[in-house]
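**Student:** Got a predicted structure here, sequence first:
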Amino acid sequence: MSIEIRDLHKAFGEKKVLQGFSLEVREGETLAVLGGSGSGKSVTLKHIVGLLEPDRGTVLVDGQAVEELEAKELYALRRNVGYVFQLAALFDSLTVGENVGLGLRRLGTMDDQEIDERVSECLELVDLPGVTERYPAELSGGQKKRVGLARAIATRPKYVLYDEPTTGLDPLTKAVIDKLILRMKEDLGMTGLVITHDMESAFRVSDRVAMLHEGRRRFLGTPDEIRATDDPVVRAFIEGRPELLDGGDPSRKEAV
């Protein structure tokens with residue numbers, strides 16, 4: 001079982017974002033997708049959970065074409081795909097416990113005691129025990145991210161999608177989030193797709209790394225392979241050296 005993106009095209013008006021992007025996320029791995037701002041990374045995630053429909057191409061989750069699913073089938077698929085939003089997206093009016101248990105209550109398959117136990121278990125997994133009665137406003141940015149992760153894994157999904165999980169965090173908190181992403185794979189066996197432009201984080205958590213550039217996949221390989229690549233576009237991005245593009249053309253450097 002896997003997530004497979006085939007020849008994905010998506011435009012918003014005249015702006016072409018994805019122009020034939022293809023990628024497979026293998027079962028049990030954590031794959032990081034790199035790319036600059038506006039390159040289509042988050043747009044890709046939204047196609048996987050059916051929040052957007054492709055102009056062309058398809059997204060397969062466990063062999064099911066997401067864009068062809070009826071509402072009931074799409075809802076069932078989303079139960080197997082946890083989504084960690086870039087800004088945590090917690091509901092300020094709900095306690096931490098209520099936020100984490102939200103998806104479980106919507107499922108309607110567990111009683112209140114079972115939900116409370118699962119919520120506590122998930123908060124333990126992200127190293128936040130004893131915070132169920134707090135509100136998001138009482139948490140730090142890093143704690144909110146961890147609550148968002150706890151909510152994403154509460155339904156025990158097979159896949160977890162991470163949208164810029166370390167954005168806006170200090171180095172120590174980034175390391176904590178990276179450790180938790182690794183824990184999701186190693187302890188719970190969850191397959192992960194991490195969207196990021198944080199090179200250090202990508203190399204720390206991923207089995208493989210892909211780069212999205214100009215709407216297509218520019219590179220796919222292990223962290224060691226991407227470090228060793230001779231591709232000037234990839235090297236310019238991962239090393240922060242725009243002078244590598246276009247043979248060091250100064251006008252190109254200014255435009256990057």
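**Tutor:** Ah, there it is.

**Student:** Could you double-check that residue 21 lies in contact with residue 39?
**Tutor:** No: contact status for residue 21 versus residue 39: not in contact, 9.8 Å apart, counting by CB atoms under 8 Å. To be clear about C-beta, it is placed using only N, CA and C from the backbone, and glycine gets the same treatment.

**Student:** joint contacts of the two?
**Tutor:** When contacts are counted by CB atoms under 8 Å, 6 or more residues apart in numbering, residue 21 and residue 39 have 212, 215 as shared neighbours.

**Student:** Looking at the two now, which is surrounded by more residues?
**Tutor:** The residue with more neighbours, out of residue 21 and residue 39, is residue 21; 28 against 23, by other CB atoms under 10 Å.

**Student:** need the contact list for that one.
**Tutor:** Taking CB under 8 Å, 6+ apart, one finds 5, 7, 8, 9, 40, 44, 57, 212, 215, 216, 217 in contact with residue 21.

**Student:** Could you do residue 209 as well?
**Tutor:** By CB under 8 Å, 6+ apart, the residues touching residue 209 are 31, 32, 33, 34, 202, 203, 219, 220, 221, 222, 223, 226.

**Student:** Doesn't it belong to a strand?
**Tutor:** Yes: assigned with DSSP: H, G, I helix; E, B strand; the rest coil, residue 209 falls within a strand.

**Student:** Would you mind listing the buried residues in stretch 75-95?
**Tutor:** Using 16 or more other CB atoms under 10 Å as the burial criterion, the residues of stretch 75-95 that qualify are 77, 78, 81, 82, 83, 84, 85, 86, 88, 90, 95.
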